[in-house]
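Participant: dropping the sequence and predicted coords here.
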Amino acid sequence: MPSKRYKKALELVDVAKTYPLKNACEILARFPKAKFNETVDLAFRLGVDPKHSDQMVRGTVPLPHGSGNVVRVLVFAKSGAGADAAKAAGAEFVGFDEMIKKCQEGWTDFDVAVATPEAMTEVRKLGKVLGARPDA
């Protein structure tokens, strides 16, 4: 037995009709809302044969509102222009001595680590700590 929400959504759509993408998105936005984060899957028929190397389709698409994942960036930079530039670019953690000490103690609450050239002499010593994570 279909739910009330499903029946209301069915009233908005003519199943026999094909909708252009813009109209389909507008109709989808009018669907009754659920009590969880809803997702939409899109499938495209590109008409290519992946067995032929000249017809391979690869690439990425930037989404207008991002992917939803927040990347936490750690920048090893001595105070000055490098540290200021990292903060201006949106790095969550910026520092040198204190960040090296935290990493030596096992702190890994970040996704990406970047170092300025002058900080690399000390950061290279953290290779075992910053190397491949076992959960990755």
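Facilitator: Cool, got the structure.
Participant: what's across from Ala113 in the sheet?
Facilitator: Leu74 (DSSP bridges).
Participant: from Ser67, how far out is it?
Facilitator: 20 Å (Cβ to Cβ, to the nearest Å). From N, CA and C alone the C-beta is placed, and that goes for glycine too.
Participant: what about these two, which has more around it?
Facilitator: Ala113 (18 against 8; other Cβ atoms under 10 Å).
Participant: list the residues that contact the more buried one.
Facilitator: Contacts for Ala113 (Cβ atoms under 8 Å, 6 or more residues apart in numbering) come out as Val73, Leu74, Val75, Phe76, Val123, Leu130.
Participant: now swap in Gly95 and tell me
Facilitator: Val75, Phe76, Ala77, Ala83 are the contacts of Gly95 under Cβ under 8 Å, 6+ apart.
Participant: mind doing that once more with 10 Å?
Facilitator: Going by Cβ atoms under 10 Å, 6 or more residues apart in numbering, Gly95 touches Leu74, Val75, Phe76, Ala77, Lys78, Ser79, Ala83, Ala86, Lys101, Lys102, Ala119.
Participant: break this protein down into its domains, please.
Facilitator: Domain assignment for the chain, taken from automatic domain parsing, gives 4-55, 73-130.
Participant: just these: most buried one?
Facilitator: Mean neighbours per residue, mean count of other Cβ atoms under 10 Å, is largest over these for domain 73-130, with a mean of 15.
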